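**Student:** coords below, sequence missing:
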């Protein structure tokens, strides 16, 4: 597939704060949330996760500044490019799927694959075999369309190609929550969480 999907997906924990970013919290509180996820057995999280995520977000913020300038949010809300409302991530079983076209291009950036994989693949010597030209880069909407034209969507290649095992999806960083809230308001419904029978609030 050499064209980008028309939808994006935000997966979230119904017991958390909708459209939130863990790195907005004080370090002690963020670590406490991560420990709760570990204790619940929902998702394996390494001890150095928060430090790696803060480093990754510092890179994203710097690249966003170069590509888009100042945005409403300093830290992004994370989406997947495509429909990922599969409930497979037990720590984030609920999903909101919305059209990509609802977002102005100047509030979006992209990494291929997710940012916490893309940066180390591009910068760590032990990842040289997996390295592709798109690793370690942050893209605008126009740029990611060209990347997908050249390299295709991740698809299922990661299952059979060992050198593409990290390229499971394209991550979308949203730097303004207002298009999301407007979409939910216009749709007259909240984001669904069929696994829990709950809905996400339409405010932060």
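**Tutor:** Okay, I see it. This structure is a prediction, so every number in the text was calculated from the model and none was measured. Numbers count the residues shown, from 1 in each chain.

**Student:** Just want the phi and psi numbers for residue 96.
**Tutor:** With angles defined as degrees, to the nearest 10, residue 96 sits at phi -130, psi 120.

**Student:** right, and it touches residue 8 too?
**Tutor:** No. Assessed by CB atoms under 8 Å, residue 96 is found out of contact with residue 8, at 9.0 Å. Just so you know, the C-beta spots here come from the backbone N, C-alpha and C atoms, and that holds for glycine as well.

**Student:** Give me the more crowded residue out of these two.
**Tutor:** residue 8 (27 against 22; other CB atoms under 10 Å).

**Student:** Apart from its chain neighbours, what residue comes closest to that one?
**Tutor:** Spatial nearest neighbour of residue 8, chain neighbours left out: residue 79 (4.3 Å); criterion: CB to CB, 6 or more residues apart in numbering.

**Student:** gap between the host helix or strand of that neighbour and the chain center?
**Tutor:** Residue 79 belongs to strand 77-81 when elements are defined using DSSP states H and E. From the chain centre to the centre of strand 77-81 is a distance of 3 Å (CA atoms, centre = their mean, to the nearest Å).

**Student:** Give me the residues contacting that strand.
**Tutor:** 4-5, 8-11, 19-21, 100, 110, 144, 153, 169-174, 177, 180 (CB atoms under 8 Å, 6 or more residues apart in numbering).

**Student:** Okay, buried residues for it please.
**Tutor:** Going by neighbour count (16 or more other CB atoms under 10 Å), the buried part of strand 77-81 is 77, 78, 79, 80, 81.

**Student:** State the distance from the third one to residue 117.
**Tutor:** When distance is defined by CB to CB, to the nearest Å, residue 79 is 16 Å away from residue 117.

**Student:** Next, give phi and psi for the nearest residue to residue 139 once chain neighbours are set aside.
**Tutor:** Distances taken as CB to CB, 6+ apart place residue 110 nearest to residue 139, at 4.5 Å, with adjacent residues excluded. Dihedral angles phi and psi of residue 110 (degrees, to the nearest 10) take the values phi -140, psi 150.

**Student:** And the pLDDT for residue 110?
**Tutor:** pLDDT for residue 110: 98.

**Student:** Give me the most central residue, this protein.
**Tutor:** residue 78 (3.3 Å; CA atoms, centre = their mean).
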